[in-house]
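**Q** quick one: sequence and predicted model below, then my questions.
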Amino acid sequence: MSADPSTDHMARGRLDDLIESVSDAFYAVDRDWRVVICNRAAEDFFGFGRETVLGRNLWEIFPDGRDRPFGQACLAAMERGEVSQLEAPSAFRAGRFVELRIGPLRAGGVAVALRDVTERVVAEQKTRAAEEHLRLMVLELNHRVKNNLATVQAIASQTLRGTESPRAMREALLRRLTALAAAHDILTREQWEGAGVAEVAAGVLGALDGAGARVRLDGPSLRLNSKAALALAMAFHELGTNALKYGALSHPAGAVRLAWSIDGDPAALTLDWSERGGPPVVEPASRGFGSRLLERGLAAELGGAVQMIFAPEGLRCALRAPLAHVLATPPTGTAA
């Protein structure tokens, strides 16, 4: 008994209506890879009318598709009846992502349904990037905490070793920790991306009674990386404290000039602390914590050299360090 043609026509009509009503783009090819179905959503996604693709070979429309995962999935559906689902950048619309469902047709051929999932993919990428950023921040925080504890331990150890009385020890330790905290405050405001030489010097010396206003800062705008900023902050604190207690700033007529510049090839930072107008300077018989911090610690931190010059007219501290060791990396998207 033969099928009723009118029934087949009605069934085909309902199928066409169903295909047109779905929000996913849908198209199908026959055994010869000719496009036999293309719904309205596919027209909207690809930007061409179905009359331009119906009857055409799929690989003529997407010449690069056959070598992509999409093409491999289509071949698997055509040859082995496999069903595939994949997510990939659109080969047709740059910057868009699609979710593809590819399967065989019962009568032979391949059906493809796809939807634009760009918003979801971008949101997931942002979430993953945020999670990775948080992970790196936690690792960086852990690294900084360990470094800070080591720094505090070194400061405490050296202070205890070189201080005569408990009261002097306590005062010296508190001052050094305050200087370290001041440097951290400056770097925190800059999100630990670096800080300027003048900003570090002014912040640390300003916390020393009477030092900030009597130290003349002279140098170009230069942004230090966080390691160099911390090292110089501790150095400025030791120099300022020494100047107030024994050097130029202990005398009303005394003054200090802190100058820095960039010169040489390869480029280097030169920094000079010069005291004038204070009591006559005599080189000490032994080095205290401050001198060791400057001559050894600062030089090691900055990969350079530090020279302490005990001239009778005033103490001078000269630093020279490779610019590449101290310069902050410019934020992404800005000029160096």
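**A** Received it, and whenever you're ready, just let me know what you need. Numbers count the residues shown, from 1 in each chain.
**Q** around the residue nearest to Pro279 when sequence neighbours are not counted, count how many other residues there are.
**A** Leaving aside its chain neighbours, Pro279 sits nearest to His251 (6.3 Å; criterion: Cβ to Cβ, 6 or more residues apart in numbering). No exception for glycine: its C-beta is placed from N, CA and C like everyone else's. Per other Cβ atoms under 10 Å, the neighbour tally for His251 reads 14.
**Q** what about stretch 248-267, start to end distance?
**A** This stretch, stretch 248-267, spans 31 Å end to end (Cα to Cα, to the nearest Å).
**Q** how close does His325 get to Ala76?
**A** Counting by Cβ to Cβ, to the nearest Å, the gap between His325 and Ala76 amounts to 56 Å.
**Q** for Arg120, same thing?
**A** For Arg120, the distance to Ala76 - Cβ to Cβ - is 25 Å.
**Q** Val204 should be in a helix, yeah?
**A** Yes: counting by DSSP: H, G, I helix; E, B strand; the rest coil, Val204 is located in a helix.
**Q** what sits against the residue nearest to Pro279?
**A** By Cβ atoms under 8 Å, 6 or more residues apart in numbering, the contact set of His251 is 277-279.
**Q** looking at neighbours, which among those residues is most surrounded?
**A** Gly278 (21 neighbours).
**Q** read off the pLDDT value for that residue.
**A** pLDDT for Gly278: 90.
**Q** isn't it right up against Lys245?
**A** No: applying Cβ atoms under 8 Å as the test, Gly278 and Lys245 come out as separate, 10.7 Å apart.
**Q** in terms of helices and strands, where is the residue nearest to Gly49 when sequence neighbours are not counted?
**A** Once flanking residues are discounted, Gly49 sits nearest to Glu43: 5.9 Å by Cβ to Cβ, 6+ apart. Per DSSP states H and E: Glu43 is located in helix 40-46.
**Q** show me where this protein has helices.
**A** Taking DSSP state H as the test, the helices found in the chain are 5-21, 40-46, 58-61, 69-80, 118-162, 166-189, 197-206, 226-245, 289-292, 299-302, 323-326.
**Q** ok, the closest residue to Ala201 other than its chain neighbours to Gly49 distance?
**A** Closest residue to Ala201 apart from its sequence neighbours, by Cβ to Cβ, 6+ apart: Phe236 at 5.3 Å. Here Phe236 is placed at a distance of 73 Å from Gly49 (Cβ to Cβ).
**Q** Ala229 contacts Glu193, doesn't it?
**A** No: Ala229 is beyond contact range of Glu193, at 10.3 Å (criterion: Cβ under 8 Å).
**Q** the more surrounded of those two?
**A** Set Ala229 next to Glu193 and count neighbours by other Cβ under 10 Å: Ala229 wins out with 25 against 13.
**Q** could you check how far that one is from Arg167?
**A** Taking Cβ to Cβ, one finds Ala229 at 31 Å from Arg167.
**Q** ditto for Leu205
**A** Distance of Leu205 to Arg167, computed by Cβ to Cβ: 24 Å.
**Q** between these two, who's got more neighbours?
**A** Between Leu205 and Arg167, Leu205 has the larger neighbour count (other Cβ under 10 Å), namely 28 against 9.
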